[in-house]
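Participant: For reference, the sequence and a predicted model appear below.
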Amino acid sequence: MQSAEASRWKRGRALLALAVLALFSAFIRVEMARGDANFSGATVEGLLKSDPALVHYVTSRIVEGGGSAPPALRSDPLVEHPAGMDLPSALTIGQEYLIAWSHLLFGGERPLHETALLLMALTAACALFGVFGVAREWTGSYSWGLFAALSWTLLPGAYRSVGVLFLREDLAFPLLMAGLWALLRGRRTRRPMDHLLAGALLGLALATWHASAHFALIIAACLLTSVLLGRERPAPAKLGLLVPLAAVITVSLFPVGRARLLFLTPALFVLTAAAVANRPGIDKSRRAMEALGILLLGAMLSRLFGGGVVEDSHVHELLIAKLLHLGQRPLDPSVLTFDARLLWQGPFETSSLTQALLSLSLAALGLAAALKRDLLSHFARALVLLSTAAGWLITRVLILPTALLPAAGATLLARNERGPAMAAALLIAQAGLFYQHVSTHELSWYKPPGRQAELEAMISAVEANVPPGEAVACDFMNSTAILTHTRRPILVQPKYELDASRRAAEDFYLGFFHAEASEFKRSLLEEQRCRYLLVDRFTLGVLKATRYLAGLRPGEEPPAESAAAALLSQDERVLESLPGYELIWRSTGDVLQRNGSPYDLYRLYRLTPE
């Protein structure tokens, strides 16, 4: 009785400590955002662009619907004009409801993006519960679990999304980490409820963030490898199958799960193979044959029915390209497909050593635990090492080793007699590094400094010069800002998981940079039924990633007869030189750079037949 009471007391104290840490981490996230001059000094019209603006649009529609998505979203004519788009079937809509409901209940006069900032800071901070749980399972100790959670709270890499509003990973990644904890707990307790909880959490993560499928595949692949090597304690198949079963049921509750067949995602077949192959009483060769058979069945079903697996071909192309080129993007963009170029930018860049060390900081010492034999289980070692390698290959994945390495480090310290003293020293050192990071951090998403004012002026110009119902063609950084603030139809959007979305982007970028200006205009007018074109000189002319996406080598200029050659100019005469491109608005000279020259980012054109 006393032992049970003591255990409940330990759990209660750990839960209280974790709640305090989560509130502290959420507070830091909010203050880091508000402390950035480019963020705090801007209106919502100046802050939102690209993915966040699209999520803001869906969220605002739910708010306008009183907490439920309006039926019009099932065939929204404003997105990917002229065809329109079924948003609930294409997008992983989850956090939108959470933000909308919170805003309707508690938002009051607060702007919607402020509600999102506060709520998503809290949900992102809740990833530390998963970190605690993983460390608790690996060390068997509540204290070392709390050490891992505190270590994660002080890691710069845990704050990757700070200030970037409406990011899906702020909800989905904590769900994924909680699911991993439940999976590890289920392997220890053998209780069906833990397996069902792991599957349900995994299903929620899959349904609320497309990238969760790839994180889940890393976890599932490491588990299957451990099973095939005979390193896992055998368990009845009906127990292990509860995880993929619960995930399938959960993800199928969401429109995107049914429409994109997310229940056929490779991670779920790998988990199924691991459950079947881990049955008691079968030898290694039979394990391998049965697992291979399930994986082949999964591949055939995915190819036969399509859905999200086939639509993710751009991810496969990127991974193959990165492996072939050892993570270094080739100078000649023509070596890569358009889809690989589209993905190989921003959060999908290869991590530099400096970037990785700054993100992981002293937690990188946790690699020593993964490299040391007989310290972690084979599953845990493989998970730490594979996630670290994946984090180097794709920057966005660094959040996974950022969460796992503190748990691995806790395992290493827990086996050392001087572990508590070493842990205290590491936390003090990490706190100093974290303070330095917080005090000097700048939100790169809102650079250059004048971009927010320019974006706000552009939104006002579109509202004033583009009639309601008329579509605007532009890059996908600005298009969603136009969508959410003016409700004018747009041609391209930045959630390009669907092949149709990638083809729309390909038509715009290659047309703008390579087609003759007259042909590009004809395509917009006749094929896209679009009479307005917005040109952002920064996104289309300055950003190297955009020029690379368009197939231009470093230093190479667009063909002289292309629309880009004329419309990216700052010469008024050149901007007005193209027949059928009527310049109706241009950025004013009020927003100045540090050198005193105007930013002059935007041009808005009305297209007319010649």
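Facilitator: Cool, got the structure.
Participant: where do the helices sit along the stretch 451-600 of the chain?
Facilitator: 451-465, 479-486, 499-514, 517-522, 537, 544-549, 563-567, 572-575 (DSSP state H, counting those that start in this stretch).
Participant: Actually, the stretch 1-150 of the chain.
Facilitator: 2-34, 37-40, 44-47, 50-64, 87-90, 95-102, 112-125, 127-139, 142-153.
Participant: Pick out the shakiest of the ones you listed, pLDDT-wise.
Facilitator: By mean pLDDT, the lowest-scoring of the helices of the stretch 1-150 of the chain turns out to be helix 37-40, with a mean of 84.
Participant: what sits up against it?
Facilitator: By CB atoms under 8 Å, 6 or more residues apart in numbering, the surrounding residues in contact with helix 37-40 are Ala33, Arg34, Leu47, Gly163, Glu442, Leu443, Tyr446, Lys447, Pro449, Arg451, Gln452. Every C-beta, even on glycine, is put in place using the N, C-alpha and C of the backbone.
Participant: So which bits of that helix are buried?
Facilitator: Asn38, Phe39 (16 or more other CB atoms under 10 Å).
Participant: mind listing what the nearest residue to Glu64 once chain neighbours are set aside touches?
Facilitator: Excluding its sequence neighbours, the residue lying closest to Glu64 (CB to CB, 6 or more residues apart in numbering) is Pro70, at 7.3 Å. By CB under 8 Å, 6+ apart, the contact set of Pro70 is Arg61, Ile62, Glu64.
Participant: Likewise for Ala408?
Facilitator: Trp138, Gly366, Leu367, Ala369, Ala370, Leu376, Ala380, Val384.
Participant: same thing with Arg529?
Facilitator: So Arg529 contacts His81, Pro82, Ala471 (CB under 8 Å, 6+ apart).
Participant: With Leu175 instead?
Facilitator: Leu201, Leu202, Leu204, Ala205, Thr208, Ser212 are the contacts of Leu175 under CB under 8 Å, 6+ apart.
Participant: Give me the contacts around the host helix or strand of Ala216.
Facilitator: Assigned by DSSP states H and E, Ala216 falls within helix 212-228. Defining contact as CB under 8 Å, 6+ apart, one finds that helix 212-228 is touched by 172-173, 175-176, 180, 183, 202, 205-206, 232, 262, 265-268, 270-271, 273-274, 277-278, 284, 287-288, 291, 308, 312, 315, 377-379, 382-383, 386-387, 390, 397, 400.
Participant: and if you look at stretch 235-248?
Facilitator: So stretch 235-248 is contacted by 183, 186-187, 190, 192, 195-200, 202-203, 206, 263, 268-269, 271-272, 274-276, 278-280 (CB under 8 Å, 6+ apart).
Participant: Now, the residues you listed that are in helices?
Facilitator: 183, 186-187, 192, 195-200, 202-203, 206, 268-269, 271-272, 274-276 (DSSP state H).
Participant: related to what we said a few turns ago, may I ask which two of the contacts of Ala408 are separated the most?
Facilitator: Greatest spatial distance among the contacts of Ala408 (CB to CB): Trp138 and Leu367, at 14.4 Å.
Participant: okay, the two: which has more neighbours?
Facilitator: Remark: of Trp138 and Leu367, Trp138 carries more neighbours, 24 against 18, as counted by other CB atoms under 10 Å.
Participant: still on that earlier bit, sort out which one of the contacts of Pro70 lies nearest Asp339 for me.
Facilitator: Arg61 (29.0 Å).
Participant: Let me know how buried the closest one is, in neighbour terms.
Facilitator: Arg61 has 21 nearby residues by other CB under 10 Å.
Participant: and Pro406, what does it touch?
Facilitator: Val131, Ala135, Phe147, Ala148, Ala149, Ser151, Trp152, Leu155, Ala363, Gly366.
Participant: Only the buried subset of these, as a ChimeraX command please.
Facilitator: Here is the ChimeraX command that selects the buried residues among those (16+ other CB under 10 Å):
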select :131,135,147,148,149,151,152,155,363,366
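Participant: on that earlier part again, for the helices of the stretch 451-600 of the chain, which one ends up most surrounded?
Facilitator: helix 479-486 (a mean of 26; mean count of other CB atoms under 10 Å).
Participant: quick one: that helix to helix 499-514, angle?
Facilitator: Here helix 479-486 runs at an angle of 110 degrees relative to helix 499-514 (axes from the mean of the first three to the mean of the last three CA atoms, to 10 degrees).
Participant: Only C-alpha atoms, please: export stretch 523-541 in CSV.
Facilitator: Once non-C-alpha atoms are left out, stretch 523-541 reads as follows in CSV (Å, rounded to 0.1, in the frame of the first residue of the first chain):
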residue,chain,number,x,y,z
SER,A,523,-1.7,31.3,-70.5
LEU,A,524,-2.9,33.4,-67.5
LEU,A,525,-5.7,35.0,-69.4
GLU,A,526,-7.0,32.0,-71.4
GLU,A,527,-6.1,28.9,-69.4
GLN,A,528,-6.2,30.3,-65.9
ARG,A,529,-8.9,33.0,-66.5
CYS,A,530,-6.7,35.4,-64.5
ARG,A,531,-6.4,39.1,-65.4
TYR,A,532,-4.1,40.3,-62.6
LEU,A,533,-0.5,39.5,-61.9
LEU,A,534,1.5,40.5,-58.7
VAL,A,535,5.3,40.5,-58.9
ASP,A,536,7.4,40.4,-55.7
ARG,A,537,10.9,41.5,-56.6
PHE,A,538,12.3,40.0,-53.4
THR,A,539,10.7,36.6,-53.6
LEU,A,540,11.1,36.2,-57.4
GLY,A,541,14.2,38.2,-58.0
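Participant: before we move on, the earlier item: which single one of the contacts of Arg529 is nearest to Lys10?
Facilitator: Out of the contacts of Arg529, the member with the shortest distance to Lys10 (by CB to CB) is His81, at 57.8 Å.
Participant: can you count the residues close to the closest one?
Facilitator: Neighbours of His81 using other CB under 10 Å come to 25.
Participant: for it, what are its contacts?
Facilitator: Applying CB under 8 Å, 6+ apart to His81 gives the contacts Ala471, Pro489, Ile490, Leu491, Gln528, Arg529, Cys530.
Participant: Could I get the residues you listed in TSV, plus columns for pLDDT?
Facilitator: Output for these, formatted as TSV (pLDDT from 0 to 100):
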residue	pLDDT
Ala471	96
Pro489	97
Ile490	97
Leu491	96
Gln528	94
Arg529	95
Cys530	96
